[in-house]
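Colleague: here is the input, now give the coordinates:
(4 chains)
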2 protein chains.
Amino acid sequence: MHKSAYMNMDKHVDIFKALSDNTRLRIMRLLIHAGRELCVCEITDSLQESHYNVSRQLKELKIAGLVREQKAGRWVLYSILKAKDKFQKFILHAVENIPEDIFITDLQRLKIRLSLRKDGKCVIGLKSKEWGK
Amino acid sequence: MHKSAYMNMDKHVDIFKALSDNTRLRIMRLLIHAGRELCVCEITDSLQESHYNVSRQLKELKIAGLVREQKAGRWVLYSILKAKDKFQKFILHAVENIPEDIFITDLQRLKIRLSLRKDGKCVIGLKSKEWGK
DNA sequence: TTATTATATGCATAAAAGTGCATATATGAA
DNA sequence: TTCATATATGCACTTTTATGCATATAATAA
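Modeller: Here you go, the predicted structure:
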């Protein structure tokens, strides 16, 4: 399509596009469920995906404006960015309302992974390999 | 990602994917706004896209379960399929809540196009060319 | 400094998606 | 039947996206 000023729906299309991928949707649901910041290795272990893939998909979610990033030493923490308009609110509600059983394994692994935090912080690195991918 | 039974989020990903395209998003918004069945040529004229592209994108929306199709003689009428679960409800609300000004030109052309109906039905074919694409 | 570790990214490749053109299908009209 | 018209689709081509591997960056520890 030719683009013009009055048809700038790219931002919205980009958000749909960001959610059009299994890994990214799993990350979004994980972050929504967690309701707090998670570091890359916690997400990676919960999903049992490659760390570089998780890293890349997080970047795309960030570009789309769905998550935010915060550095904490060697760790980088990601969390859901508060919805800025009605559109984003409904999008987040949609993701929230996908049946939980689809994500249950991710969520169970997250629970275990979070129990390994010390003082509310992740202190270990990637455990995916040890957990037997 | 490898697929397995407990991770069947394809349906949801497919819906996001269906909305990850400018043309398809414009069609969705047009149908939501119209609140009734529209034939392919009415949609084509409103969007001023090629008829074969509109036809193709409608098919994808149908496969994703977002619209339904009904034949009426030579015409094929499309309309928004009622949401079957919370997820779809929120998705439709999201699309509804994208600022209207982005779609205003499409909506204006639809209004004109609908005024050409006779007995509530489209009786002319494609007018895009005459309308000066 | 050097080593370690958490995260990010460039490159290569494969798969998927978007789209124009030509053509096919299907229904109604003549 | 033959023609016209509304819609659909196969093919070809280009662009985009996904992803593994290797490597780079950045922060901490030793």
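Colleague: ok, the single nearest residue of chain A relative to DNA strand C - contacts?
Modeller: Scanning chain A for proximity to DNA strand C using Cβ to the nearest atom of the strand identifies A:G125 as nearest, at 2.1 Å. To be clear about C-beta, it is placed using only N, CA and C from the backbone, and glycine gets the same treatment. Taking Cβ atoms under 8 Å, 6 or more residues apart in numbering or on different chains, we find A:G125 in contact with A:C41.
Colleague: and it, what element?
Modeller: Secondary structure assignment for A:G125, by DSSP states H and E: no helix or strand.
Colleague: and it, how far is that from A:C39?
Modeller: Relative to A:C39, A:G125 is positioned 10 Å away (Cβ to Cβ, to the nearest Å).
Colleague: helix, strand, or coil at A:L116?
Modeller: coil (DSSP: H, G, I helix; E, B strand; the rest coil).
Colleague: look up how far A:C39 lies from it.
Modeller: Applying Cβ to Cβ, the value for A:L116 to A:C39 is 12 Å.
Colleague: so these two - more neighbours on which side?
Modeller: Counted by other Cβ atoms under 10 Å in any protein chain shown, A:L116 and A:C39 do not tie: A:C39 has more neighbours, with 20 against 12.
Colleague: hey, what's in contact with both of A:L116 and A:C39?
Modeller: With Cβ under 8 Å, 6+ apart as the test, A:L116 and A:C39 both reach A:C122.
Colleague: flag every buried residue along stretch A:91-108.
Modeller: A:91-95, A:97-98, A:102-103, A:105-107 (16 or more other Cβ atoms under 10 Å in any protein chain shown).
Colleague: restricted to helices, list those.
Modeller: Among the buried residues of stretch A:91-108, the members found in helices (DSSP state H) are A:91-95, A:105-107.
Colleague: the nearest residue to A:V67 once chain neighbours are set aside: what secondary structure?
Modeller: Closest residue to A:V67 apart from its sequence neighbours, by Cβ to Cβ, 6 or more residues apart in numbering or on different chains: A:L61 at 4.6 Å. With three-state DSSP as the basis, A:L61 sits in helix.
Colleague: quick check, A:L61 in contact with A:M28.
Modeller: Yes. Using Cβ atoms under 8 Å, A:L61 is in contact with A:M28, at 6.8 Å.
Colleague: need the overlap of contacts for those two.
Modeller: Counting by Cβ under 8 Å, 6+ apart, the residues touching both A:L61 and A:M28 are A:V67.
Colleague: pretty sure A:L31 sits against A:I80.
Modeller: Yes. Counting by Cβ under 8 Å, A:L31 does reach A:I80; the two are 4.9 Å apart.
Colleague: and for the two, which residues touch both?
Modeller: Residues touching both A:L31 and A:I80 (Cβ under 8 Å, 6+ apart): A:V67.
Colleague: restricting to C-alpha, output stretch A:57-70 in PDB.
Modeller: The C-alpha trace of stretch A:57-70 is given here as PDB (Å, rounded to 0.1, in the frame of the first residue of the first chain):
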ATOM      1  CA  GLN A  57      12.200 -11.300  20.400                       C
ATOM      2  CA  LEU A  58      12.300  -9.100  23.500                       C
ATOM      3  CA  LYS A  59      13.900  -6.400  21.400                       C
ATOM      4  CA  GLU A  60      11.100  -6.600  18.900                       C
ATOM      5  CA  LEU A  61       8.500  -6.400  21.600                       C
ATOM      6  CA  LYS A  62      10.300  -3.400  22.900                       C
ATOM      7  CA  ILE A  63      10.400  -1.700  19.500                       C
ATOM      8  CA  ALA A  64       6.600  -2.300  19.200                       C
ATOM      9  CA  GLY A  65       6.200  -0.500  22.600                       C
ATOM     10  CA  LEU A  66       4.800  -3.500  24.400                       C
ATOM     11  CA  VAL A  67       7.600  -4.000  27.000                       C
ATOM     12  CA  ARG A  68      10.200  -1.900  28.600                       C
ATOM     13  CA  GLU A  69      13.800  -2.700  29.500                       C
ATOM     14  CA  GLN A  70      15.800  -1.800  32.600                       C
END
